[in-house]
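Asker: below: sequence and its predicted model.
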Amino acid sequence: MCMSTSEAPHAPNSAPASGFSAKFSHTLRSLEAAQKPGIGVPAYTRWVNRRVARYFAAAAVALGITPNGVTAISAACSAAGIIVLITCPPSVGVGICVALLFALGYGLDSADGQVARVTGASSPAGEWLDHVVDSIRVPSVHMATLLSFLLYPAHYSFTGSSAFNGWIIAMPMIFTALTAGHFMSQILAEQLRNNRKTAAPPTGGPLRSFINLHMDAGTLCWIYIFVGFGPVFVIVYALLLLANAATVLLSMRRKYVSLATPAE
């Protein structure tokens with residue numbers, strides 16, 4: 001969600017198959033044969049979202065959908081989840097619907113890059129579009145959460161009061177600022193490191209994938225399944241905010257130190 005999670009580049013299909021089933025199977029095999037290790041990538045993205053995205057990508061190729069088309073569908077799914085969150089009174093069903101739409105949007109967000117690579121359609125314009133959609137998606141989710149808190153205060157209140165609770169209202173705003181800062185920190189650090197040949201930060205092993213699960217866009221998607229249980233959702237959202245804030249601050253410090261250290 002926050003970042004594209006496309007698989008490693010590989011050559012376009014050399015012998016395209018005919019028919020949906022044949023194209024789907026051929027593309028899926030091509031994608032499964034060219035996987036990057038995903039060292040340090042959060043667990044849901046690494047072991048769930050990328051796997052699901054391969055099926056989405058294979059289906060898109062078989063149907064003739066372009067990478068930008070997949071990006072558009074991904075954005076539409078996320079937008080649909082946001083609309084449901086804002087316009088529908090919170091309930092168990094609404095929470096499940098929102099979580100599924102967000103997760104579907106995130107899966108397709110990973111699929112667009114895979115479609116581009118397996119078809120040889122990668123381009124700077126497509127990558128730019130993917131990043132622009134990502135930069136809008138997550139802040140919009142938090143702003144929609146803020147609107148839900150404002151529209152249905154009694155549902156999210158611990159006392160059932162319809163009065164606005166300041167700290168509950170503040171959380172999505174803080175999360176939005178945190179997300180924007182972290183996204184820019186990642187993009188700039190990568191660009192500056194490449195341009196100035198500074199040292200890369202350590203990536204960590206498989207354990208780090210689970211330690212960073214709270215930073216996973218998939219985790220954010222699925223916490224909305226608790227929307228029907230107002231106070232429970234508030235607690236989960238608050239814990240996720242605190243965990244993200246601590247990790248982002250540490251990440252920014254690590255990036256600053258790595259950029260200040262010349263590569264050996």
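Answerer: Received the coordinates, thanks.

Asker: list the buried residues in whichever strand or helix holds Ala125.
Answerer: Under the criterion of DSSP states H and E, Ala125 resides in helix 124-151. Buried residues in helix 124-151, counted by 16 or more other CB atoms under 10 Å: 126-127, 129-130, 133-135, 137-146, 148-149. Yep, even glycine has a C-beta here, placed from its N, CA and C like the rest.

Asker: wait, Gly69 touches Val61, no?
Answerer: No: taking contacts as CB atoms under 8 Å, Gly69 lies outside contact range of Val61: 11.0 Å.

Asker: quick one, which of those two is more surrounded?
Answerer: Val61 (28 against 14; other CB atoms under 10 Å).

Asker: what sits closest to that one if chain neighbours are left out?
Answerer: Thr27 (4.4 Å; CB to CB, 6 or more residues apart in numbering).

Asker: which residues does that neighbour contact?
Answerer: Asn13, Ala57, Ala58, Val61, Ala62, Val118 (CB atoms under 8 Å, 6 or more residues apart in numbering).

Asker: His155 contacts Gly230, doesn't it?
Answerer: Yes: if you go by CB under 8 Å, His155 and Gly230 touch, sitting 4.2 Å apart.

Asker: got any residues that touch both of the two?
Answerer: Pro90.

Asker: worst-scoring helix or strand of this protein, pLDDT-wise?
Answerer: Sorting the helices and strands of the chain by mean pLDDT, DSSP states H and E puts helix 206-211 at the bottom, at a mean of 78.

Asker: after that one comes which helix or strand?
Answerer: Counting by DSSP H and E, what follows helix 206-211 is helix 217-223.

Asker: next SSE after that next one?
Answerer: With DSSP H and E setting the assignment, the helix or strand that follows helix 217-223 is helix 230-259.

Asker: show me what that following helix is packed against.
Answerer: Packing partners of helix 230-259 (3 or more CB pairs under 8 Å, 6 or more residues apart in numbering; DSSP states H and E): helix 153-156, helix 166-196, helix 217-223.

Asker: what's the closest of the ones you listed to Gly107?
Answerer: Nearest to Gly107 among those is helix 217-223 (8.7 Å), distances taken as CB to CB.

Asker: what sits up against that closest one?
Answerer: 1-3, 42, 44-45, 48-49, 99, 102-103, 105-106, 138, 141, 213, 233, 236-237, 240.

Asker: state the mean pLDDT of that helix.
Answerer: On average, the pLDDT along helix 217-223 is 96.

Asker: export it to CSV, keeping only CA atoms.
Answerer: Only the C-alpha atoms of helix 217-223 are listed here, as CSV (Å, rounded to 0.1, in the frame of the first residue of the first chain):
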residue,chain,number,x,y,z
ALA,A,217,0.2,-2.3,4.7
GLY,A,218,-1.6,-5.5,4.9
THR,A,219,-1.9,-5.2,8.7
LEU,A,220,-3.5,-1.7,8.2
CYS,A,221,-6.0,-3.2,5.7
TRP,A,222,-7.1,-6.0,8.0
ILE,A,223,-7.6,-4.0,11.3
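
Asker: buried residues in it, which are they?
Answerer: In helix 217-223, counting by 16+ other CB under 10 Å, buried: Ala217, Gly218, Thr219, Leu220, Cys221, Trp222, Ile223.

Asker: which one among these gets closest to Phe175?
Answerer: Leu220 (9.1 Å).
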